[in-house]
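[1] below are the sequence and a predicted model; questions follow.
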Protein chains: 2
Amino acid sequence: MNMRIEALREQLRRANLDCYLITRVTSIYYFTKFLDVKDANLSLILPKEETPILYVPELSLTAAEESARNCIVKPVKIGEKIFDKVSKELSALRARRVGFDSLQASFFLRVKSKTRGITLKPTPDLVWSLRKIKNDEEISCMKVAAKMADRGIKAAIETVRKGVYEYEVAAEAEYAMRSSGSEAFAFDTIIASGPRSALPHARVSDRKIREGDFVVIDIGAVYNGYHSDVTRTVIVGKPNWKQIKIYKLVLQAQEKAFRSIRSGAKARYVDSIARKIIMESGYGEHFVHGLGHGIGLDVHEPPTLNPVSMDVLAKGNIVTDEPAIYIPSFGGVRIEDTVEVLKDKAEWISNHESSYKLLP
Amino acid sequence: MNMRIEALREQLRRANLDCYLITRVTSIYYFTKFLDVKDANLSLILPKEETPILYVPELSLTAAEESARNCIVKPVKIGEKIFDKVSKELSALRARRVGFDSLQASFFLRVKSKTRGITLKPTPDLVWSLRKIKNDEEISCMKVAAKMADRGIKAAIETVRKGVYEYEVAAEAEYAMRSSGSEAFAFDTIIASGPRSALPHARVSDRKIREGDFVVIDIGAVYNGYHSDVTRTVIVGKPNWKQIKIYKLVLQAQEKAFRSIRSGAKARYVDSIARKIIMESGYGEHFVHGLGHGIGLDVHEPPTLNPVSMDVLAKGNIVTDEPAIYIPSFGGVRIEDTVEVLKDKAEWISNHESSYKLLP
């Protein structure tokens, strides 16, 4: 049996669980090599000893049978309910203590009502503790995805100018990523210009870019299921002193935090390095999110870099480093790269250099 | 207070609930006009009488304060947990019977452990019964989104030919949708050529299109939060008799089902019309999913058209009509349009005509 499954079984033993239930599509891919669409309704049951069982809806059956490894594939036909199948299987396995990564409450309640004497325990860390350490093969996929995003960023920057619509910038960025072979987009592209740049979660609108705007470009590509996530901020036309100050501050915060990233560093310490620089310049209240997040088969995954994180970075983590300053109605700057955590240092995975060329 | 909120309160009374908890981002948009990114961690608490309360992470606060209506916006700061906030609020409101649309089991368990005497009940239908009836304004947004997808389909069809990569077809389709002003993509684009066309959930790969391939193109655009979903199947080069037969069958099934769609029609009856045609030609086992699904602020929402659906169609529903035949290793055909349900008939919202031009 596969090494990842053996490693999860070791986690089960330590957590005193006798079975594990996985519904997260990306984790199912991690353990079986079968990747379904994002909202697919799958369940992988991993008993302590028996062969894992993967339930898939009939429409995914051919694909799962072709590509799923390390498990038996069983179909859920139209009219059948996956929670019924899972409940029966757990009962047949005489499972007592079942861990799970991610379940809908309605699914959880149905399994509870259809089984007896089973404790279902949310224990997502069992999977994340494995997934957050990337091996060489995974890291090389992340690097390919990062290169695709770099090309998207380049295309977007070349498109940004006065009079262009935000969605036109998105079109060029996405076209460049797709033409590089990106199999999907990591998330809904963000192109946030002018006052919208002060909104971290702005998507793409039909706003026309104006002279003097900040334009935040946040995009990501996907390669073999692995994601990239890169943000650049462009100033349109001649920048004013406040724009220059903010841009330089964010870049400085990003780089100083980067230099503190290494195996063994506390995630909240790395966050504090960037946050301190921004706070000491009086913009602390405008840095309204954590410094970064792990990234891999999901765009947002452990470890988490923020002021309350308990995570400790380790070799093989890939994380984002993305400080920002958002000033309501004035605008915002975010600079984001993905970073590989090594033993004694960190390495940029995305093309960090390109944020210099934008330095006003 | 807003009519939609009043309507949900009426549902609460009927279901004997005294509070409702919404975490689905699209439903929060439906009730408050505040649209966040897909994976945003929001909670809207709607008490029987008091003003609704919307909890948003600090990074969404400015955007929520600018656009959220019909509610009080409260921030969840870095380090605070949204389930703590929600638990305290439910206790303060002395809520006893709380319905919810969609909750993670871990969130559900945390609220249970932090409150006393509260029953949390999955009752998603309360929201869906409202959302599935679209008003004129919503329908006109759906039509704009459909037109954007039609342009994407046109661009994709023009790109499909021997020697082109699947991702190049995706690039052109998406570029055309974006350039029409699409604010996002409805889902990960599907371009499935050759044997991959037999996989309903194939995404985009780096396969090179060959002479004689089926190429399934399944795309969607977004306008004001409303989605479109259109599929066309192209045959590359000279079709063989079996390809022609399958294409015509699927088209016939789609149109005959369409003619049975009207207010009052049972969803499973509409499904049976299409399924019967495909079954009688001996391909029944290869139509491995339901005929269609409701679509709106989500790509997949009620009502559901499949053999076990209990839904009855009503004026204002927008549904997809998408029969298909998937023959493993040979290939597959899916033809999909979005359809508006009217009193005595149905109307195509996407450009159904374009599937004729592809008729071999």
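    Happy to help now that I have it. Remember, predicted model here, so these are calculated numbers, not experimental data. Residues are numbered from 1 along each chain as shown, chains lettered A, B, ... in the order given.
[2] ranges for the helices of chain A?
    For chain A, helices defined by DSSP state H occupy the ranges A:3-14, A:25-32, A:61-67, A:82-92, A:105-114, A:125-131, A:136-159, A:166-179, A:241-259, A:267-280, A:354-357.
[3] please identify the most buried of the ones you listed.
    Highest mean neighbour count of the helices of chain A: helix A:166-179, a mean of 25 (counted as mean count of other Cβ atoms under 10 Å in any protein chain shown). Heads up, the C-betas are built off the backbone N, CA and C, glycines and all.
[4] that helix packs against which elements?
    Under the contact definition 3 or more Cβ pairs under 8 Å, 6 or more residues apart in numbering or on different chains; DSSP states H and E, helix A:166-179 sits against helix A:136-159, strand A:190-193, strand A:214-219, helix B:166-179.
[5] what about the strands in the stretch 201-350 of chain A?
    For the stretch 201-350 of chain A, the strands defined by DSSP state E, counting those that start in this stretch occupy A:214-219, A:222-223, A:226-227, A:230-235, A:292-294, A:301-305, A:318-321, A:324-327, A:331-334, A:337-341, A:346-348.
[6] and the ones you listed: which comes nearest chain B?
    strand A:324-327 (7.1 Å; Cβ to the nearest Cβ).
[7] pop the domain breakdown of chain A in here.
    Structurally, chain A divides into domains by automatic domain parsing as follows: A:3-131, A:136-357.
[8] of all the ones you listed, which lies closest to residue B:167?
    Between residue B:167 and these, the tightest spacing by Cβ to Cβ is seen for domain A:136-357, at 5.4 Å.
[9] contacting residues around the residue positioned nearest the centre of chain A?
    The residue lying closest to the centre of chain A (Cα atoms, centre = their mean) is residue A:299, at 1.4 Å. By Cβ atoms under 8 Å, 6 or more residues apart in numbering or on different chains, the contact list for residue A:299 reads A:186-187, A:220, A:227, A:229, A:293.
[10] let me know whether residue A:260 touches residue A:271 as I believe.
    No: contact criterion Cβ atoms under 8 Å: residue A:260 and residue A:271 do not qualify, at 9.6 Å.
[11] re the thing from before, will you turn the domains of chain A into a markdown table that also has mean pLDDT?
    Below are those laid out as a markdown table (pLDDT from 0 to 100):
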| stretch | mean pLDDT |
| --- | --- |
| domain A:3-131 | 96 |
| domain A:136-357 | 97 |
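[12] reformat those domains as a markdown table; add distance to residue B:154.
    Putting those into a markdown table (distance: least, Cβ to Cβ, whole Å) gives the following:
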| stretch | distance to residue B:154 |
| --- | --- |
| domain A:3-131 | 24 |
| domain A:136-357 | 16 |
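[13] which strand residues bridge the residue nearest to residue A:144 when sequence neighbours are not counted?
    Closest residue to residue A:144 apart from its sequence neighbours, by Cβ to Cβ, 6 or more residues apart in numbering or on different chains: residue A:223 at 4.4 Å. Counting by DSSP bridges, residue A:223 is bridged to residue A:226.
[14] burial measure for residue A:310, as a count.
    Residue A:310: 9 surrounding residues under other Cβ atoms under 10 Å in any protein chain shown.
[15] now do the contacts for it.
    A:267-268.
[16] ok, and the closest non-adjacent residue to residue A:57?
    Leaving aside its sequence neighbours, residue A:57 sits nearest to residue A:76 (Cβ to Cβ, 6+ apart; 5.2 Å).
[17] how much space separates that neighbour from chain B?
    Distance of residue A:76 to chain B, given as Cβ to the nearest Cβ, to the nearest Å: 11 Å.
[18] so that residue is in contact with residue A:83, correct?
    No: the criterion here is Cβ under 8 Å, and residue A:76 misses it with residue A:83 at 9.7 Å.
[19] around chain B, which positions in the stretch 1-150 of chain A sit nearby?
    Listed as neighbours of chain B in the stretch 1-150 of chain A under the rule Cβ under 8 Å from any Cβ of the partner chain: A:36-40, A:57-63, A:78-79, A:100, A:102-109, A:120, A:122, A:124.
[20] kindly recompute the last result at 7 Å.
    Contact residues, the stretch 1-150 of chain A versus chain B (Cβ under 7 Å from any Cβ of the partner chain): A:36-40, A:58-60, A:62-63, A:78-79, A:102-106, A:108-109, A:122.
[21] cool, and the stretch 201-350 of chain A?
    Applying Cβ under 7 Å from any Cβ, we find that the stretch 201-350 of chain A lies next to chain B at A:201, A:203-206, A:288-290, A:300, A:306-308, A:328.
[22] now the strands of the stretch 201-350 of chain A in JSON lines, with distance to residue A:49 and mean neighbour count?
    Converted to JSON lines, those look like this (distance: least, Cβ to Cβ, whole Å; neighbours: other Cβ atoms under 10 Å in any protein chain shown):
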{"stretch": "strand A:214-219", "distance to residue A:49": "44", "mean neighbour count": "28"}
{"stretch": "strand A:222-223", "distance to residue A:49": "35", "mean neighbour count": "24"}
{"stretch": "strand A:226-227", "distance to residue A:49": "31", "mean neighbour count": "26"}
{"stretch": "strand A:230-235", "distance to residue A:49": "43", "mean neighbour count": "25"}
{"stretch": "strand A:292-294", "distance to residue A:49": "31", "mean neighbour count": "25"}
{"stretch": "strand A:301-305", "distance to residue A:49": "28", "mean neighbour count": "22"}
{"stretch": "strand A:318-321", "distance to residue A:49": "33", "mean neighbour count": "26"}
{"stretch": "strand A:324-327", "distance to residue A:49": "48", "mean neighbour count": "24"}
{"stretch": "strand A:331-334", "distance to residue A:49": "48", "mean neighbour count": "26"}
{"stretch": "strand A:337-341", "distance to residue A:49": "34", "mean neighbour count": "26"}
{"stretch": "strand A:346-348", "distance to residue A:49": "40", "mean neighbour count": "17"}
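[23] of all those, which lies closest to residue A:9?
    Across these, the minimum distance to residue A:9, taken as Cβ to Cβ, is reached by strand A:301-305, at 20.3 Å.
[24] isn't residue A:287 right up against residue A:327?
    No: using Cβ atoms under 7 Å, residue A:287 is not in contact with residue A:327, being 10.7 Å away.
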